[in-house]
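Novice: 3D, please:
(2 chains)
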Amino acid sequence: DVKVTQSSRYLVKRTGEKVFLECVQDMDHENMFWYRQDPGLGLRLIYFSYDVKMKEKGDIPEGYSVSREKKERFSLILESASTNQTSMYLCASSFGTDGQPQHFGDGTRLSIL
Amino acid sequence: GENVEQHPSTLSVQEGDSAVIKCTYSDSASNYFPWYKQELGKRPQLIIDIRSNVGEKKDQRIAVTLNKTAKHFSLHITETQPEDSAVYFCAASRDGQNFVFGPGTRLSVLP
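Specialist: You can find the predicted model right below:
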């Protein structure tokens, strides 16, 4: 069974802090994704990665960066956290071939005070 | 880019009745359409998907239909049960790897 693990379920940080969200998958998936989930807006793609050291901007990359130094790990970084980044963050991974479903982690509920 | 709309945003049905959720997409090149179920406090999980070369797919009480001409696809749940209560997300993809998600439908199955 695919396991996508996010390092924290709940996180509280202060405005201006640098925040790291970590995601690890154990299925040797090529693709990894970071979404944020807000009520009424569904899942919006922040960044994704097709391979180690590769990254592509999604629909809402502003204020975020990512790092993929190893195939199994994809990190989301909030360079200087702001209150409008309070949200649920979901990591997902999938195989790098067409029509493969994405497998999600449990999510990190991040609050920026 | 792709835009996915989903209706209704909330849906309440009596246990045993059917539920239908409809999604429309804008990119005619989209060819893969998964549906995810997210129970309260849990991760989204794939429940069914359909590819553009198929018009309908069924898995026990759930089915998905696709109309490529009209650019819409629908999720059908028959004989609904309380455990079907969740938020359902549709998604569309043109490359089979990157998805654009709909805003979600909160389904409540009333006993």
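
Novice: Run through the residues that contact the residue of chain A found nearest chain B.
Specialist: Per Cβ to the nearest Cβ, A:Asp98 is where chain A lies closest to chain B, at 3.2 Å. In this view, the C-beta of every residue, glycine as well, is placed from N, C-alpha and C. Counting by Cβ atoms under 8 Å, 6 or more residues apart in numbering or on different chains, A:Asp98 touches B:32, B:95-97.

Novice: is stretch A:43-58 up against chain B anywhere?
Specialist: Yes - using Cβ under 8 Å from any Cβ of the partner chain, stretch A:43-58 reaches chain B at A:43-45, A:48, A:50.

Novice: now do stretch A:26-39
Specialist: Yes - Stretch A:26-39 reaches chain B (Cβ under 8 Å from any Cβ) through A:31, A:35.

Novice: Quick check: end-to-end length of that stretch?
Specialist: End-to-end span of stretch A:26-39 (Cα to Cα, to the nearest Å): 29 Å.

Novice: and that stretch, how far out from the chain's middle?
Specialist: Distance of stretch A:26-39 from the chain centroid (Cα atoms, centre = their mean, to the nearest Å) equals 6 Å.

Novice: Check the gap between the residue nearest the centre of chain A and A:Arg73 for me.
Specialist: Compute the mean C-alpha point of chain A, and by Cα atoms, centre = their mean the closest residue is A:Trp34, 2.7 Å away. Here the distance between A:Trp34 and A:Arg73 works out to 12 Å (Cβ to Cβ, to the nearest Å).

Novice: Repeat that for A:Met32.
Specialist: Remark: distance between A:Met32 and A:Arg73 (Cβ to Cβ) = 8 Å.

Novice: what residues do the two have in common as contacts?
Specialist: Shared contacts of A:Met32 and A:Arg73, counting by Cβ under 8 Å, 6+ apart, come down to A:Cys23.

Novice: Regarding the residue of chain A closest to chain B, what is its secondary structure?
Specialist: Per DSSP: H, G, I helix; E, B strand; the rest coil, the local secondary structure of A:Asp98 is coil.

Novice: Secondary structure element holding the closest residue to B:Ser85 other than its chain neighbours?
Specialist: Leaving aside its sequence neighbours, B:Ser85 sits nearest to B:Val109 (Cβ to Cβ, 6 or more residues apart in numbering or on different chains; 4.9 Å). Assigned by DSSP states H and E, B:Val109 belongs to strand B:105-110.

Novice: Name the strands paired with that strand and say parallel or antiparallel.
Specialist: According to DSSP bridges, strand B:105-110 forms sheet pairs with strand B:10-14 (parallel), strand B:86-92 (antiparallel).

Novice: mind listing what's buried in that strand?
Specialist: B:105-107, B:109 (16 or more other Cβ atoms under 10 Å in any protein chain shown).

Novice: Show me the strands in chain A, by range?
Specialist: Assigned by DSSP state E, the strands in chain A fall at A:4-6, A:10-13, A:19-25, A:31-38, A:42-49, A:56-57, A:64-70, A:73-78, A:87-94, A:103-104, A:108-112.
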